[in-house]
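In: Any chance you could fold what I've pasted below:
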Amino acid sequence: MDKVIDNQRIICGDVIKELMRMPNESVSLIVTDPPYNLNKNYGKSQDKLEFDEYINFSKKWLSEAKRILKPNGTIYVFMGMRYISYIYKILEQDLGMHFNSWITWFYTQGIGKTKGFSPRHDDILMFTKDKKKFTFNLDDIRVPQKFYRNINNMRGANPGNVWQFSHIHYCNSKRQSHPTQKPEGLYERMILASSNENDCVLDPFGGSGTCLHVCQNTNRKGITIELNPDYCQMIEERLNKPFEGFDSVDEKMTRCPNDLNDADVRIEYIYNHINWFLKNHKDAIPVFLEEVKSKYLTKMIETEQTSIFDKYKIQY
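Out: Sure thing, here's the model as predicted:
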């Protein structure tokens, strides 16, 4: 199976073989969540290799990934704590790529342990092919400030390297039938930061199709490789559904700054906030406006600025 839907290409096959078929320097960004070798059941494969087998497998696909990546390209790799140091070593020492960031994805719920501390995070390694020349669109991924100040960049602050997104729980209506589905908000931040519109983004381990779904709705061309044909069918169905907003958002995105006291600045900022931070998260707009209401309703009534609440059907 090799299918293209809305500029998103689904390749059903073995990851190493399919990567070897791809041209040199043909993609701008790689964002992927490979198997962690923790004995997960992926239907057509069991994620349980001997240590040396897993390291050799990782070297093979990462070597191909580097070859395929453009000179100014970036790779983000999710990895569990058991193997992340080995993946780091492969990327830096074996392949000569350049370390940029070690991102911690913090979530509030995870595996429970009675002896030892329960894990509450996964990690994401960000490496670039060139040390200095790589895409990074900071303005596209900023998060809202806590306070309004004229000297601040009100487009927001750098999100830092600790990101808080909830798991996509099984009760979530957008949950797919896949054991390791990742939040779209995570992929949105990486894809917006490290690629531009119409760029080609690759995910060598397609899984539930999160990467392609984000590419589809941020005007990128996506390619994914997935071994399990059932998951390929799932991805196809996901891409054919109407877009209703991404399934997760950084909670800071609904934060309304304090001290928005100037009426003209306040209303301009409120509309800008929705466009800057929430354009792919329509479910979060009412949450943001409820915070606006709690802080500024009296002033907005006085200055006749309540039409924004009417537009989004917020009672006041």
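
In: longest strand anywhere in the chain?
Out: Ranked by number of residues, the top strand in the chain under DSSP state E is strand 69-79.

In: which residues does S26 contact?
Out: S26 makes contacts with 68, 70, 200, as judged by C-beta atoms under 8 Å, 6 or more residues apart in numbering. C-beta here means a position set from N, CA and C on the backbone, and glycine is covered the same way.

In: ok, so of the residues you listed, who is nearest M22?
Out: I68 (5.0 Å; C-beta to C-beta).

In: what domains does the record give for the protein?
Out: 2-239, 256-311 (automatic domain parsing).

In: wait, what's in contact with I301?
Out: Residues in contact with I301 (C-beta under 8 Å, 6+ apart) are Y316.

In: Looks to me like V201 is in a strand.
Out: Yes. Remark: V201 belongs to a strand, assigned using DSSP: H, G, I helix; E, B strand; the rest coil.

In: give me every residue that touches it.
Out: 27-31, 191, 195, 211, 215, 220-223.

In: if we take those, which one ends up nearest to K17?
Out: I223 (14.6 Å).

In: Would you check that that closest one makes contact with L202?
Out: Yes. Contact between I223 and L202 holds when scored by C-beta atoms under 8 Å: they sit 4.9 Å apart.

In: Now the residue nearest to the spatial centre of the chain. Its backbone dihedrals?
Out: Geometric centre of the chain, nearest residue: Y187, 1.4 Å, by C-alpha atoms, centre = their mean. When read as degrees, to the nearest 10, the backbone of Y187 gives phi -70, psi -40.

In: Tell me where the model's unsure across the chain.
Out: For the chain, applying pLDDT under 70 flags the ranges 39-47, 110, 168-180.

In: can you pull out the helices in it?
Out: For the chain, helices defined by DSSP state H occupy the ranges 15-20, 51-68, 84-89, 184-194, 210-216, 229-239, 263-277, 285-302, 307-311.

In: okay, those helices in CSV with distance to D247 next?
Out: Converted to CSV, those look like this (distance: least, C-beta to C-beta, whole Å):
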stretch, distance to D247
helix 15-20, 25
helix 51-68, 26
helix 84-89, 25
helix 184-194, 5
helix 210-216, 9
helix 229-239, 11
helix 263-277, 16
helix 285-302, 15
helix 307-311, 24
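
In: and M1, which of those is closest to it?
Out: helix 229-239 (5.5 Å).

In: roughly how far out does that closest one sit from the chain middle?
Out: 19 Å (C-alpha atoms, centre = their mean, to the nearest Å).

In: by contact count, what packs against it?
Out: strand 2-5, strand 8-12, helix 210-216, strand 221-226 (3 or more C-beta pairs under 8 Å, 6 or more residues apart in numbering; DSSP states H and E).

In: Can you add distance to P257 and mean neighbour count and give these back as TSV?
Out: What follows is the helices and strands packed on helix 229-239, written out as TSV (distance: least, C-beta to C-beta, whole Å; neighbours: other C-beta atoms under 10 Å):
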stretch	distance to P257	mean neighbour count
strand 2-5	40	13
strand 8-12	36	21
helix 210-216	27	27
strand 221-226	34	26
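
In: Let me have the ones you listed in CSV, extended by distance to L138.
Out: Listed next are the helices and strands packed on helix 229-239 as CSV, based on distance: least, C-beta to C-beta, whole Å:
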stretch, distance to L138
strand 2-5, 31
strand 8-12, 26
helix 210-216, 18
strand 221-226, 23
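
In: Minimum distance to K60: which of the ones you listed has it?
Out: Closest among the helices and strands packed on helix 229-239, once you apply C-beta to C-beta, is strand 221-226, at 13.3 Å.

In: Indicate each strand paired with that closest one and its parallel or antiparallel sense.
Out: strand 8-12 (parallel), strand 200-203 (parallel) (DSSP bridges).

In: any idea how far P257 lies from T303?
Out: Using C-beta to C-beta, to the nearest Å, one gets 17 Å for the distance from P257 to T303.

In: Of these two, which one has the most company?
Out: Neighbours per residue, other C-beta atoms under 10 Å: of P257 and T303, the larger number sits with P257, 20 against 14.
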